[in-house]
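Asker: heads up, no residue letters with this:
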């Protein structure tokens, strides 16, 4: 009989899947709202970003690793590397 009471008490204190889902959802929503607030407060300056990219591309070390190339099916495949990104 005591074990039945203990089992019911333990079951009653466990959070349900729905309540855990609600808490997780609210946490995710709050995180996204925080990111949106920061993005609105500090908008990107496209001109400054472009200037920084152009300056970085003038570095010889980046210029040497900015392009990849490999042969496939008798043709050379080339393009910008992940380092350029």
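Answerer: That came in fine, so what should we check first? Predicted model only: the values in this text are computed from it and were never measured. Numbers count the residues shown, from 1 in each chain.
Asker: Let me know the distance separating residue 36 from residue 64.
Answerer: For residue 36, the distance to residue 64 (Cβ to Cβ, to the nearest Å) stands at 39 Å. For glycine as for every other residue, the C-beta is placed from the backbone atoms N, C-alpha and C.
Asker: right, I mislabeled it, should have said residue 83
Answerer: According to Cβ to Cβ, residue 83 and residue 64 sit 9 Å apart.
Asker: Please apply the same query to residue 47.
Answerer: Remark: distance between residue 47 and residue 64 (Cβ to Cβ) = 27 Å.
Asker: May I have the strands that pair with the one helix or strand residue 78 maps to, each with its orientation?
Answerer: With the criterion set as DSSP states H and E, the secondary-structure element containing residue 78 is strand 75-80. The strands that strand 75-80 pairs with in its sheet are strand 67-72 (antiparallel) (by DSSP bridges).
Asker: chain center to the partner strand: distance?
Answerer: 28 Å (Cα atoms, centre = their mean, to the nearest Å).
Asker: shaky segments in the chain?
Answerer: Low-confidence segments of the chain, defined by pLDDT under 70: 1-15.
Asker: The same query, at a cut-off of 90, please.
Answerer: Along the chain, segments meeting pLDDT under 90 span 1-24, 53-54, 56-58, 60-76, 78-85.
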